[in-house]
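Asks: I would like to see how this sequence folds:
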Amino acid sequence: QVQMVDTGGGLVQAGGSLRLSCAASGRRSSDYTMGWFRQPPGKEREFVAAISRVGGHKVYADSVKGRFTISRDDVKNLVYLQMNSLKPEDTAIYYCAADRSPFVRRDPSYDYWGQGTQVTVSS
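Replies: Numbers count the residues shown, from 1 in each chain. Next up, the predicted model:
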C-alpha cells in the first residue's frame, strides 16, 4: 500500500510557474512508475506526464510538452511536476499516481492516487 499526498497547487497568472510535489509513503517510490493526471472543470481526468521507475523515460501529453517537466527523487520518495508558461486551460485539479506496472502508461489505471491539488491559472 502506498499513500500519496499532492501539494503545491495555487492561483497563478497566465505565463507563470508552479511546482507540484507528491510525497509517497508506505513503500519505496522507486518501486513504481509515477504519473501526473489532471481533471479540468466539467471534464474527464486526463494524462499529463509520467516517469519510469529509474527515471530515464518520460512521457508527456502534447498539450504540456515543452512547458511541464516531471522528475523524481527516490531518496526522498518525492515526485515533482514543474509547470512553466501556464495557460488558463491548464486550470484543473492535479493528481499524482503510482503504478506497479513497469511500463509508462497514459491511461488512468494506476494503482494509487493522491487526493489532488487545485491549480488555477487566471488570464
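Asks: who's in contact with the most centrally placed residue in the chain?
Replies: When Cα atoms, centre = their mean is applied to the chain, the residue found nearest the centroid is Trp36 (2.4 Å). Residues in contact with Trp36, defined by Cβ atoms under 8 Å, 6 or more residues apart in numbering, are 20, 22, 48-50, 70, 79, 81, 94-97. Any C-beta I mention is one placed from the backbone N, CA and C, and that applies to glycine too.
Asks: Now, those residues that are in strands?
Replies: Judged by DSSP state E, those include 20, 22, 48-50, 70, 79, 81, 94-97 as members of strands.
Asks: hmm, back to that, of the contacts of Trp36, just say which sits nearest to Thr120.
Replies: Proximity of those to Thr120 (Cβ to Cβ) peaks at Tyr94, which lies at 10.9 Å.
Asks: Distance-wise, check the nearest residue to that closest one once chain neighbours are set aside relative to Arg100.
Replies: Nearest residue to Tyr94 in three dimensions, chain neighbours excluded: Arg38, at 4.8 Å (Cβ to Cβ, 6 or more residues apart in numbering). Separation of Arg38 from Arg100 (Cβ to Cβ, to the nearest Å): 22 Å.
Asks: Give me the neighbour count for Ala14.
Replies: Neighbour count of Ala14, defined by other Cβ atoms under 10 Å: 13.
Asks: ok, now Asp73?
Replies: Around Asp73 there are 12 residues (other Cβ under 10 Å).
Asks: Now do the contacts for it.
Replies: 79-80.
Asks: Run through the bridge partners of it.
Replies: Here Asp73 sits in beta bridges with Leu78, going by DSSP bridges.
Asks: what do you get for Ser122?
Replies: Residues in beta-bridge contact with Ser122 (DSSP bridges): Gln13.
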